[in-house]
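Enquirer: what's the 3D shape of this:
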Amino acid sequence: QVQLVESGGGLVQAGGSLRLSCAASGRTFSSYAMGWFRQAPGKEREFVAGINWSGGSTYYANSVKGRFTISGDNAKNTVYLQMNSLKPEDTAVYHCAANRYRGATMVPYDYWGQGTQVTVSS
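Expert: Predicted coordinates for the structure are as follows:
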């Protein structure tokens, strides 16, 4: 059984930074791409950032470009999201996700974590 477990969420003031981590586990788990999504109260889940392990291509939502950075280690099935210059509108539950055979821009993803809360105060 595949498990994705996020950590690193919390409460931060506007302008601050947080680093989210996601570790994937499972006896036969491997992925082609991993990504981060977020869902704010009353809103639909949205793509935040993704990374293709082959070639290292990264993708970002326009709303986070220049502020967030996705990185990771494929061999360790771990992905990170460095979030800088946080804004109140970044407040959401952030979910880690993985695609077994498809790229980071292909939704829906195959596997999902439970999420970690990020709250940005003004």
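Enquirer: how near is Leu5 to Asn99?
Expert: Rather than Leu, residue 5 is Val. Distance of Val5 to Asn99, computed by CB to CB, to the nearest Å: 17 Å. Quick note: C-beta positions are derived from backbone N, CA and C, even for glycine.
Enquirer: so for those two, which residue has more residues nearby?
Expert: For Val5 versus Asn99, the count of surrounding residues by other CB atoms under 10 Å is larger for Asn99: 22 against 13.
Enquirer: partner residues bridging that one?
Expert: Taking DSSP bridges, one obtains Ala33 as the residues bridged to Asn99.
Enquirer: contacting residues for it?
Expert: When the contact criterion is CB atoms under 8 Å, 6 or more residues apart in numbering, the partners of Asn99 are 31-35, 106, 109-111.
Enquirer: go on, Lys76?
Expert: Shown here is Lys76, whose contacts under the criterion CB under 8 Å, 6+ apart are Ala23.
Enquirer: now do Cys22
Expert: Taking CB under 8 Å, 6+ apart as the definition of contact, the neighbours of Cys22 are 4-7, 34, 36, 78-81, 96, 113.
Enquirer: what's around Ser30, how many residues?
Expert: Neighbour count for Ser30, taken as other CB under 10 Å: 13.
Enquirer: so which residue is dead centre in this protein?
Expert: Centre of the chain computed as the mean C-alpha position; nearest residue by CA atoms, centre = their mean is Trp36, 2.1 Å away.
Enquirer: tell me the one of the contacts of Cys22 nearest Ala14?
Expert: The shortest distance between Ala14 and any of those, using CB to CB, involves Leu81 and amounts to 17.8 Å.
Enquirer: tell me which element that closest one is part of?
Expert: Leu81 belongs to strand 78-83 when assigned by DSSP states H and E.
Enquirer: pairing partners for that strand, with directions?
Expert: Going by DSSP bridges, the partners of strand 78-83 are strand 18-25 (antiparallel), strand 68-73 (antiparallel).
Enquirer: great, nothing more from me.
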